[in-house]
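[1] this one's structure only:
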């Protein structure tokens, strides 16, 4: 299989992926924003979340900033700003902020890292651990969610977030984005 | 935050998740099928894929079978069989096959592990490595994709799979499923 063909094919095999913007800041105060499709839930208590840094998929500055500042933000990509979110994957030098190259704007809460104002579901994360995956040189970056910025109207009565209402998008492969249509919520499964 | 409320809330914070059925078989020939929402793409060359086993979220027999047989299958959950897929999360004893408790049927290709006939995108995976995440007792299970069973009509000309056409579903939180509506594919991003 031709290399680019193989990348598109294999990358779409895992199914739908989360689409998030990771916000960081360096020691000179330059902000950085990177779209990442590998954020996963690790556990609810403690509230752990992780993402995989594939070689070349996230500019080094994101990881450097996380290690230095000790924190980062995760912001759901919304349907209204998919193009700008995707544009953050362009390779800018470390002294250029993706906030200045897009219409996305930064805002700050209790952490030093920047949040994306336009995102309807965003969280502040304290860096906890990195795990190197030697099989292919990827890095699993693990953090603990310490702050969530979300409108209460997006939270169902049992605590679940309504991703459809939030207009959160899913990614597939390297370059396609999707909104979701709900098939409904199912009851907790018990043996027949 | 009340425990169950917290679980629903935190679990939906990462955004849309992949929805896959993991098929395995034990040494006595008893098959096992488990729905998992933590499958992620790790890399295209070698073709690595991984999933997180949260304590209690996947019955131990899935992991035991993977370590013993050295392989497993990953099958996209389709909109047509979401209820049966969700039902595989019920806690059955190790000697009961989820294939017998649902309308889902097993089929075999080059691996010993069972595939789900009803799934439109399915892959055979050879187990490569487990990484224990001590922060919360989860396990990252890594495998290499060695076989893909998919209709060619689902593959775009550049190799990308069309998940909308495949009727693959995404999961959110613990119990909601979604079909995707495409917002289109975007061009490779370059600095302005």
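    Noted; the coordinates are in hand. The structure presented is a predicted model; accordingly, all values stated were derived computationally and were not measured.

[2] Next, count neighbours for residue A:96.
    Per other Cβ atoms under 10 Å in any protein chain shown, the neighbour tally for residue A:96 reads 17. All C-beta spots, glycine's among them, are computed from the backbone N, C-alpha and C.

[3] Tell me the spacing between it and residue A:116.
    Distance of residue A:96 to residue A:116, given as Cβ to Cβ, to the nearest Å: 17 Å.

[4] With residue A:144 instead?
    Distance from residue A:144 to residue A:116, by Cβ to Cβ: 20 Å.

[5] So for these two, which residue has more residues nearby?
    When residue A:144 and residue A:116 are compared for neighbours, residue A:116 comes out ahead with 30 against 19, by other Cβ under 10 Å.

[6] If you drop the residues flanking it in sequence, what lies closest to that one?
    Closest residue to residue A:116 apart from its sequence neighbours, by Cβ to Cβ, 6 or more residues apart in numbering or on different chains: residue A:75 at 4.0 Å.

[7] for residue A:52, same thing?
    residue A:38 (4.0 Å).

[8] what residues are up against the one you found?
    A:17, A:18, A:51, A:52, A:53, A:54, B:40, B:41 (Cβ atoms under 8 Å, 6 or more residues apart in numbering or on different chains).

[9] May I ask you to confirm that the fifth one is in contact with residue A:139?
    Yep, that's residue A:53 we're talking about. Yes. Residue A:53 lies in contact with residue A:139 (Cβ atoms under 8 Å); the separation is 4.5 Å.

[10] Compare those two and say which one has the larger neighbour count.
    Each of residue A:53 and residue A:139 has its neighbours counted (other Cβ under 10 Å); residue A:53 has more, 23 against 15.

[11] if I look at residue A:184, how far off is residue B:169?
    11 Å.

[12] got it, and residue A:14?
    13 Å.

[13] what's the answer for residue A:8, then?
    Relative to residue B:169, and taking Cβ to Cβ, residue A:8 is found at 21 Å.

[14] Have a look at the two and say which one is more surrounded.
    Neighbour count, other Cβ under 10 Å: between residue A:8 and residue B:169, residue B:169 has more, with 28 against 23.

[15] Surely the more buried one and residue B:21 touch.
    No. Residue B:169 is beyond contact range of residue B:21, at 11.2 Å (criterion: Cβ under 8 Å).

[16] mind listing what's buried in the helix or strand hosting residue A:84?
    Assigned by DSSP states H and E, residue A:84 belongs to helix A:82-87. Neighbour counts over helix A:82-87 (16 or more other Cβ atoms under 10 Å in any protein chain shown) mark A:82, A:84, A:85, A:86, A:87 as buried.

[17] Same question for stretch A:165-172.
    A:166, A:167, A:168, A:169, A:170, A:171, A:172.

[18] Same check on stretch A:97-110?
    A:97, A:98, A:99, A:101, A:102, A:104, A:106.

[19] again, but for stretch A:182-192
    Going by 16+ other Cβ under 10 Å, stretch A:182-192 has these buried residues: A:186, A:189.

[20] And the contacts of the lowest-mean-pLDDT helix or strand in chain A?
    Least confident helix or strand, chain A: helix A:60-69 with a mean of 91, by mean pLDDT, DSSP states H and E. With contact meaning Cβ under 8 Å, 6+ apart, helix A:60-69 is reached by A:22, A:24-27, A:32, A:34, A:53, A:72, A:94, A:112-113, A:127, A:130, A:139, A:141, A:143.
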